[in-house]
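[1] The sequence and its predicted three-dimensional model are supplied below.
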Amino acid sequence: MIPKPKIIKKLWNPGLPLGCPFLFKNMEGRIKITFSPLDEREAREVSGWCYLPPYDIYNLANSEESIAYAFNPQNNFYAMKDDKGDLVGFCSFGQDGQVPGGDYSVDALDIGMGIRPDLTGRGFGIDFVNSILDFARERFEPPRLRVTIAVFNKRAQRVWRKAGFQTVGRFRHMESRRTFFVMIEKEI
Ligand SMILES: CC(C)(COP(=O)(O)OP(=O)(O)OC[C@H]1O[C@@H](n2cnc3c(N)ncnc32)[C@H](O)[C@@H]1OP(=O)(O)O)[C@@H](O)C(=O)NCCC(=O)NCCS
């Protein structure tokens, strides 16, 4: 059997339209991403994003209440835009990134995030995560950074491990009956 080339695996994402957008990298080999507080229009856009199963658990509730939650400055949601100003992702900092049932006793800043669905599974994950880490360190100067990821979500775990995070806990979210890992950045 002929082995499947890696590039095909990276670009294959069922349900995507042909002629999908692409993000260009700069001279340093990184995607240039800028951050700004999520406004109401962006909160509506992000709430309409649909991830394909099994990642559909990350779809935000498309209700007025959750839209208002996302653009409430107290919840620290940020829009991530590319060099053309297009919305390519969002992230949140603080309690929004926690899942009930996890042990969050260590002093750390929690991160939630999502890349625009048509840009997922294309190898951009590490660039997005590194940009979020740079932004978070500069904006919040946190003691440490932390993320909570569903156990089935090997794709996300791979990216965060590559970014220097390690698993420090595992727990079951009673309502969804899903198991999650808590991952925290390794101390240098
Ligand atoms: C999680 C997320 C940031 C990952 O970014 P991405 O651009 O989709 O991921 P990539 O295409 O860069 O893939 C990352 C790695 O996972 C691997 N991978 C992809 N699917 C995989 C799978 N089903 N099982 C194991 N590994 C997988 C890729 O091959 C790649 O490995 P490599 O870096 O060694 O080549 C992005 O998918 C996202 O924002 N998703 C929204 C929903 C979500 O998962 N939220 C959790 C955020 S913490």
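    Everything's here; your move.
[2] Which single residue of this structure approaches the ligand most closely?
    Gly125 (2.5 Å; CB to the nearest ligand atom). From N, CA and C alone the C-beta is placed, and that goes for glycine too.
[3] Hmm, that residue is touching Gly114, no?
    No. Here Gly125 does not reach Gly114: they are 11.1 Å apart, not a contact under CB atoms under 8 Å.
[4] Apart from its chain neighbours, what residue comes closest to the spatially most central residue of the chain?
    By CA atoms, centre = their mean, the chain has its centre lying nearest to Met113, at 2.7 Å. Among residues not flanking Met113 along the chain, Cys91 sits closest, at 4.1 Å (CB to CB, 6 or more residues apart in numbering).
[5] what sits opposite that neighbour in the beta ladder?
    Tyr78, Met113 (DSSP bridges).
[6] Ok, Gln166 next?
    Under the criterion used here (DSSP bridges), Gln166 is bridged to Ile184.
[7] count of neighbours near it?
    For Gln166, the count of nearby residues is 12 (other CB atoms under 10 Å).
[8] near the ligand, which residues of the protein show up?
    10, 51, 55, 58, 113-115, 120-126, 128, 147, 149, 153-156, 158-159 (CB under 6 Å from any ligand atom).
[9] What subset of these is buried?
    When the residues of the chain next to the ligand are checked for burial by 16 or more other CB atoms under 10 Å, the buried set is 51, 55, 58, 113-115, 120-122, 124-125, 128, 147, 149, 153, 156, 159.
[10] Restricted to helices, list those.
    125, 128, 156, 159 (DSSP state H).
[11] can these go into a markdown table with extra columns for pLDDT?
    Output for these, formatted as a markdown table (pLDDT from 0 to 100):
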| residue | pLDDT |
| --- | --- |
| Gly125 | 96 |
| Phe128 | 97 |
| Ala156 | 98 |
| Val159 | 98 |
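[12] what's the farthest-apart pair in these?
    Phe128 and Ala156 (10.8 Å; CB to CB).
[13] Hmm, Phe140 and Leu109 touching each other?
    Yes. With contact defined as CB under 8 Å, Leu109 and Phe140 form a contacting pair (5.6 Å).
[14] Can you pick out the residue with more neighbours from the two?
    Leu109 (19 against 13).
[15] ok so, going back, distance-wise, check the residue lying closest to the residue of the chain closest to the ligand once chain neighbours are set aside relative to Val129.
    Leaving aside its chain neighbours, Gly125 sits nearest to Val159 (3.8 Å; criterion: CB to CB, 6+ apart). Relative to Val129, Val159 is positioned 5 Å away (CB to CB, to the nearest Å).
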